[in-house]
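Colleague: I would like to see how this sequence folds:
(2 chains)
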Amino acid sequence: MSSLSCEQVRDLAEGFVLGALDPVQTHDVRDHLATCTDPHAEIDELGGVVPYLAESVEPVEPPAELKGRITAAIEAELRAGRRADAAADRLISSLGAGSKGPAAPAPAPAAAPVETVVAERAPVAAPIDLAAERARRRSPVRWLAAIAAVLVIAALGTWNIGLSSQLSTAQQHQAAVDHVLAIAQESGGQAAILVPGAGGGPAGLAAVAPDGTFALAMHGLPATTGSQVYEAWVIAPSGSPVPIGSFAVGSDGNGALSAARVPVASGLTVGLTREPNAGATTPTLPMVVSGVTAQGS
Amino acid sequence: MSDTSARVAGRLNSAADDADRAVLEAIAGGDHGAIEVLYERYKTMAYGLALRITGDASLADDVVQEAFVGAWRNAGRYATERGSVKTWLLAIVHHRAIDAIRRRRPTTELPEHEEAPPPSLTLPDVWSEVAGRLDREEILGALATLSAVQREALELGYFSGLTQQEIAVRTNTPLGTVKSRMRLGLLQMRRALVGTPPDGGEPA
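Modeller: Below is the predicted model:
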């Protein structure tokens, strides 16, 4: 619930609609409005004027090359998105409905980017019993569980499991994946497969529960250095990217994040960016990985 | 502008709104080139706004690029009840521009908490009725009915990227005064634009 009372929100209304609050206040007001039963007519009343402030500005012709920059940026994103979609499609189709789970044991491929795993090495099986366990669960998100299993396998394939320190890393990653699955399996939970826009490499899963509980688990991320972080973003319908939280990644390439009170809507876009510092307010493009949530059931 | 021409402009504008929505639908439906239509229509408003806020041509370029790419990305999520496509687009530009100058300003410590996207406003009916009819001259005329301090408060609040607190400090004015000038300025502008005073909603 919101940390502000209705009275406090009314008091902040003019600053809110003008964009003259600090980020914490803005966030708190939005939070309140999202859940409050009061219509808060003052927000509409004052906010309705604001578009005219924008239109009071004298129009200026932008540089001629800007249009080309915009279309080039869109084309780049489109190409990246197509690759991501195709990867997810292949992932799902290669797994079928996931009802059987991945089949007989086979050596895990080494250092396989997920796109490759999906397209060429889907019948890979777990050196652990994760896949069988998932199948037994007969979850309404069977396909998701199956994908998760493949992701864990893909991750394991890149480690030398003989090293006990890496085994514990693998277990941690599996726990993170389990956490995501638990959220995805809640009634009304949604999940997204996160795959890179360009090339193979990092991949993972994110899930959002109806109460806004959020988790993601990633593998194959390049390590962060210094103050660098990976920032997770959620883009709700009609919204801009909202930062969810950030994490650093070590040499194991694993990342996990949990958050609460994430904006919930169907078809959320979840993405990760690499940022120079924590606390980014807009994503530094391109997205490292992204995906759109869908209901598992 | 005469009554007749205002009505005609209103019709044209609402036709323009419909056309804008059709463009967004086309984009959402996979016609990615359609963003160029929107760009051609609003590039000068968008660029003017970005330049006004950032005061820096190259930053304004980036802001407008981000805004149109963002609009393209979110075309399928635009909701009619949030106002016209133009309003939606300019709100994105505003948000990006404020964000850009706040990032650039080393003295403003951004809290670790994120900045939220632009508020999602729903515009009351009275606004959608007048929305199409207003041209820039009329808007400037409405702004001219504000007192100098109200106008300054709105301009600082909307274009400077400063928070109310920061404005209070810089103008050596109590925060409560800054807030009430903004609020009264908005209400006065609303009265000047719509012509009738709003019910209730008296300033604090």
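
Colleague: Just checking the distance from the helix or strand hosting B:Glu155 to the centre of its chain.
Modeller: Assigned by DSSP states H and E, B:Glu155 belongs to helix B:148-159. Here helix B:148-159 shows a centroid-to-chain-centroid distance of 14 Å under the convention Cα atoms, centre = their mean, to the nearest Å.

Colleague: got the CA coordinates for the next helix or strand after it in PDB?
Modeller: Moving toward the C-terminus from helix B:148-159, the next helix or strand (DSSP H and E) is helix B:164-170. Taking Å, rounded to 0.1, in the frame of the first residue of the first chain, the C-alpha atoms of helix B:164-170 are listed here in PDB:
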ATOM      1  CA  GLN B 164       9.200  22.500  -6.000                       C
ATOM      2  CA  GLN B 165      11.700  22.300  -3.100                       C
ATOM      3  CA  GLU B 166      14.600  23.400  -5.400                       C
ATOM      4  CA  ILE B 167      12.500  26.200  -6.800                       C
ATOM      5  CA  ALA B 168      11.700  27.400  -3.400                       C
ATOM      6  CA  VAL B 169      15.400  27.500  -2.500                       C
ATOM      7  CA  ARG B 170      16.500  29.200  -5.700                       C
END
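
Colleague: one step back: wondering if the helix holding B:Glu155 reaches chain A at all.
Modeller: Yes: interface with chain A: helix B:148-159 contributes B:154, B:156-159 (Cβ under 8 Å from any Cβ of the partner chain). C-beta coordinates here come from the backbone N, C-alpha and C atoms, glycine included.

Colleague: my guess is B:Thr145 meets B:Leu193, correct?
Modeller: No: B:Thr145 lies out of contact with B:Leu193 (Cβ atoms under 8 Å); the separation is 9.5 Å.

Colleague: Which one's more surrounded, these two?
Modeller: Ranked by neighbour count (other Cβ atoms under 10 Å in any protein chain shown), B:Thr145 and B:Leu193 place B:Leu193 first, with 22 against 14.

Colleague: And for the residue nearest to the more buried one when sequence neighbours are not counted, the neighbour number?
Modeller: In space, B:Leu193 comes closest to B:Ala142 once its chain neighbours are excluded; the distance is 4.8 Å by Cβ to Cβ, 6 or more residues apart in numbering or on different chains. B:Ala142: 20 surrounding residues under other Cβ under 10 Å.

Colleague: tell me what the helix or strand containing B:Ala142 is packed against?
Modeller: B:Ala142 belongs to helix B:136-144 when assigned by DSSP H and E. Packing contacts for helix B:136-144, counted by 3 or more Cβ pairs under 8 Å, 6 or more residues apart in numbering or on different chains; DSSP states H and E, involve helix A:50-55, helix B:175-194.

Colleague: Just the helices from chain B, written as ranges.
Modeller: For chain B, the helices defined by DSSP state H cover B:3-28, B:35-54, B:57-73, B:85-104, B:125-131, B:136-144, B:148-159, B:164-170, B:175-194.

Colleague: how about these, which one is nearest A:His40?
Modeller: Among these, helix B:175-194 comes nearest to A:His40, with 14.4 Å by Cβ to Cβ.

Colleague: from the chain's centre, how far out does the closest one sit?
Modeller: The chain centroid and the centroid of helix B:175-194 are separated by 16 Å, computed with Cα atoms, centre = their mean.

Colleague: Now do it and helix B:148-159, the angle between them.
Modeller: Calculated by axes from the mean of the first three to the mean of the last three Cα atoms, to 10 degrees, helix B:175-194 forms an angle of 90 degrees with helix B:148-159.

Colleague: Which neighbouring elements make contact with helix B:175-194?
Modeller: With contacts defined as 3+ Cβ pairs under 8 Å, 6+ apart, the packing partners of helix B:175-194 are helix A:6-18, helix A:41-47, helix A:50-55, helix B:125-131, helix B:136-144, helix B:148-159, helix B:164-170.

Colleague: worst average pLDDT in these?
Modeller: Lowest mean pLDDT within these: helix B:125-131, a mean of 47.

Colleague: circling back to that earlier point, and the helix holding B:Glu155 with helix A:6-18, angle?
Modeller: 80 degrees.

Colleague: contacts for helix B:148-159?
Modeller: The contact list for helix B:148-159, computed with Cβ atoms under 8 Å, 6 or more residues apart in numbering or on different chains, reads A:14-15, A:18-20, A:50, A:53-54, B:52-53, B:94, B:143, B:146, B:162, B:164, B:167, B:171, B:178, B:181-182, B:184-186, B:188-189.

Colleague: remind me which residues of the chain are low pLDDT?
Modeller: You didn't pick a chain, so chain A it is. Applying pLDDT under 70 to chain A flags residues A:1-2, A:81-171, A:174, A:185, A:187, A:196-201, A:238, A:295-297.

Colleague: My question was about chain B, not that one.
Modeller: B:1-14, B:80-82, B:106-134, B:195-204.

Colleague: Understood, closing this out.
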